[in-house]
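Asks: sequence below, structure please.
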Amino acid sequence: MELILSLFLFQAFERYTVSAHNQALSLACVGTAQGIDALRMNPAGLGLLNKNIIGVGYEYTFTHIEGLQNIFFGFAKPLFYGGFGIGISQFGFEEEKEQGITTAYSIGLNKDFYLGGSADLYLIQNKRTGTGISYGLNLGMLGILSKKWYLGIYGHNLNQPQFGNSEIGTIPASLQAGIGYKPFEDITSEIDLSISDQIIRLHSAGEFSIADFLNLRTGFKTNPNSLSAGLGIVYKKIKIDYACEYFVDLPLNHIIAIILEF
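Replies: Numbers count the residues shown, from 1 in each chain. Okay, here's the model as predicted:
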């Protein structure tokens, strides 16, 4: 339990997606994430935007850790043959808060191939050690084959952001690649591999639309092993996404997001 929890907290900035959609899929969506869900998953997906999107997310992290929470605000819109997005998040509790600001842009080189890049500004505020600041640079690619297969590659924190002068204060670079399959408009599956700090993870997920207003999602990932599930409810221009995540010996982790498309 302690090992899983320490890994979770060590990866605080790596949970900065705060996307109920992505977490329900165990982050197996580098090839299929779109809108603000793509902002911090693979910015290349912003190139598929055809409308403006604004959303807020809240993660209730492990109920026995008093005051620990994760919040996010995101905005994305079509712009100049691609898409632009900005996201702001805060993770932590009273003693330490970790904030991130992301700006991203994607351009479509043609209707089936997109390139995206983003920059993160990281800020740590600790009551005992003071304030630290750093930045991360990210690149993503998305290719669509035969309108059914989606191939995504995302390099995150490629410059290995550093706080202070020790390796302990370094956020490792990570790479994730995945292939998604959409045989029909209402069915999506994906399998991804990611590597960060010499740890390889497998992510797999599926999403099913059982009605025009309801989507069901589930996913699994390794190192540490976790199961996730969630749903999406659509009402006119409003979407409500919910996800829960299960780690062995830990309480359920809950994420909810409200998204407006206009």
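Asks: before we move on, what SS does G45 have?
Replies: Secondary structure, DSSP: H, G, I helix; E, B strand; the rest coil: G45 is helix.
Asks: how far away is it from A119?
Replies: Noted for G45: a distance of 17 Å to A119, by C-beta to C-beta, to the nearest Å. (Glycine included, C-beta is placed from N, CA and C.)
Asks: in stretch 114-129, which residues are buried?
Replies: Y114, L115, G116, G117, S118, D120, Y122, L123, I124, Q125 (16 or more other C-beta atoms under 10 Å).
Asks: going by distance to G136, which of those residues wins?
Replies: D120 (4.1 Å; C-beta to C-beta).
Asks: my read is that the closest one contacts I133, right?
Replies: No: counting by C-beta atoms under 8 Å, D120 sits too far from I133 to count as a contact (11.3 Å).
Asks: output the below-cut-off pLDDT ranges for the chain.
Replies: Scanning the chain for pLDDT under 70 picks out the ranges 1-18, 62-67, 165-168.
Asks: what about the strands in it?
Replies: Using DSSP state E, the strands found in the chain span residues 53-60, 69-79, 82-92, 96-110, 113-126, 130-145, 149-156, 174-184, 187-196, 199-211, 214-221, 226-235, 238-247, 253-261.
Asks: closest to S26 out of those?
Replies: Nearest to S26, of the strands of the chain and by C-beta to C-beta, is strand 214-221 at 3.1 Å.
Asks: so what does that closest one touch, helix or strand wise?
Replies: helix 20-24, strand 199-211, strand 226-235 (3 or more C-beta pairs under 8 Å, 6 or more residues apart in numbering; DSSP states H and E).
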